[in-house]
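Undergrad: give me coordinates for this.
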Amino acid sequence: VQLIESGGGLVQAGGSLRLSCTVSGTTFSTLLMAWFRTAPGKEREFLGVISWNYDRTNYADPVKGRFAIARDNAKNISYLQMDRLSSEDTAVYYCAASTRGWGTTIYNYWGQGTQVTVSS
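TA: Take a look at the predicted model:
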């Protein structure tokens, strides 16, 4: 199973960015898809998750209302739309997938990460 993130880069504060995570090697529509990030000097942080059939999402408080997760089961892609970015959002962003049920904290598969840098 491979997860490959793309779409990271440099963006100005207040701007937006959309990350993509392309999954191969498994049945994408059976996976919970989540996004995490690791900022310099900080521990990995859960950002949000989307259910297999799009009907449920859950977000961490720091990004609620600014970030949105979507998925396209026909294309095997998960997206992280990030709006109103600030310098505190600078981090390496990872997508992750789980074969477990809704509410799990265990993710079987991880991407390699993509850097997002927000300039102030």
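Undergrad: can you report phi and psi for the most centrally placed residue in the chain?
TA: With distances taken as C-alpha atoms, centre = their mean, the chain has residue 35 as the residue nearest its mean C-alpha position (2.6 Å). Main-chain torsions, residue 35, degrees, to the nearest 10: phi -130, psi 140.
Undergrad: is it bridged to anything, and to what?
TA: Assessed by DSSP bridges, residue 35 has beta-bridge partners residue 48, residue 95.
Undergrad: pretty sure it is touching residue 50, no?
TA: No. With contact defined as C-beta atoms under 8 Å, residue 35 does not count as touching residue 50 (9.0 Å). No exception for glycine: its C-beta is placed from N, CA and C like everyone else's.
Undergrad: residue 62 belongs to a helix?
TA: Yes. Residue 62 forms part of a helix when assessed by DSSP: H, G, I helix; E, B strand; the rest coil.
Undergrad: the strand or helix carrying residue 33 packs against which elements?
TA: Here residue 33 sits within strand 32-38, counting by DSSP states H and E. In this structure, strand 32-38 packs against strand 17-24, strand 45-50, strand 67-72, strand 77-82, strand 91-98, with contacts taken as 3 or more C-beta pairs under 8 Å, 6 or more residues apart in numbering; DSSP states H and E.
Undergrad: mean pLDDT and mean neighbour count for those - can I get that in TSV?
TA: Conversion of the helices and strands packed on strand 32-38 to TSV gives the following (pLDDT from 0 to 100; neighbours: other C-beta atoms under 10 Å):
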stretch	mean pLDDT	mean neighbour count
strand 17-24	98	18
strand 45-50	98	20
strand 67-72	98	18
strand 77-82	98	22
strand 91-98	98	22
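Undergrad: may I see those arranged in JSON lines, with distance to residue 39 as well?
TA: As requested, those are exported to JSON lines (distance: least, C-beta to C-beta, whole Å):
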{"stretch": "strand 17-24", "distance to residue 39": "15"}
{"stretch": "strand 45-50", "distance to residue 39": "7"}
{"stretch": "strand 67-72", "distance to residue 39": "14"}
{"stretch": "strand 77-82", "distance to residue 39": "14"}
{"stretch": "strand 91-98", "distance to residue 39": "4"}
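Undergrad: nice, that's everything, thank you.
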